[in-house]
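> Here is my input; please provide its structure:
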Amino acid sequence: MTTLKAQGQLRHCFWGEYYGQLILITDESEELLRAAIPSELLPKPRKRKAKHEFQTCDDKGKRYAVLSTIYPSEELDPVVKWLEQYRIDEKCKDRRGCDGERHPITGCEHSLDVGPPFEVSIPFTHPDQQELPL
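Numbering: from 1, shown residues only. Predicted structure coming up:
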């Protein structure tokens, strides 16, 4: 079993109805990010704005893998519950009087537009280990 560490944040979008835009960023490869996220948790393209996109980005010579998703409200809850179980951040790092509480991923304690930044450590089977002969 391998673990993938990633930072994330949820943006609240009110486009006539509620959508949540979830971003996960990791120092690992895009291949490992894809392997760590169960496909059943990716948004279903039934609704007009629901989508997901994996990409690799470069910033000042450092490479990052990014997952950007947009979930309709009814698909967001299972994903948030799944991520919450792998959270490793303990307390709020924003020092605006919340006394270091741990806010939920969907929280609006510091902004109506975005939830608190969070960090996860997701266990998964490395793609190379899935194809080992028995």
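> Which residue ranges of this protein form strands?
Shown for the chain, the strands assigned by DSSP state E span residues 2-15, 17-26, 51-59, 62-72, 118-124.
> buried ones in the longest one?
Judged by neighbour count using 16 or more other CB atoms under 10 Å, the buried positions of strand 2-15 are 4, 6, 8, 10. In this view, the C-beta of every residue, glycine as well, is placed from N, C-alpha and C.
> What of the second one?
Using 16+ other CB under 10 Å as the test for burial, strand 17-26 gives 19-26.
> do the third one as well
Burial within strand 51-59, assessed by neighbour count using 16+ other CB under 10 Å, is assigned to 52, 54.
> by contact count, what packs against that strand?
Strand 51-59 is packed against helix 30-36, strand 62-72, with contacts defined by 3 or more CB pairs under 8 Å, 6 or more residues apart in numbering; DSSP states H and E.
> would a markdown table of the ones you listed with mean neighbour count and distance to residue 49 be doable?
Shown next, in a markdown table, are the helices and strands packed on strand 51-59 (neighbours: other CB atoms under 10 Å; distance: least, CB to CB, whole Å):
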| stretch | mean neighbour count | distance to residue 49 |
| --- | --- | --- |
| helix 30-36 | 19 | 22 |
| strand 62-72 | 18 | 5 |
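> May I see those organised as a markdown table, with distance to residue 101 and mean pLDDT added?
Rendered in a markdown table, the data for the helices and strands packed on strand 51-59 read as follows (distance: least, CB to CB, whole Å; pLDDT from 0 to 100):
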| stretch | distance to residue 101 | mean pLDDT |
| --- | --- | --- |
| helix 30-36 | 28 | 91 |
| strand 62-72 | 25 | 89 |
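> So the spatially closest residue to residue 67 that is not a sequence neighbour versus residue 98, what's the distance?
Distances taken as CB to CB, 6 or more residues apart in numbering put residue 24 closest to residue 67, at 4.5 Å, once the chain neighbours are dropped. Noted for residue 24: a distance of 24 Å to residue 98, by CB to CB, to the nearest Å.
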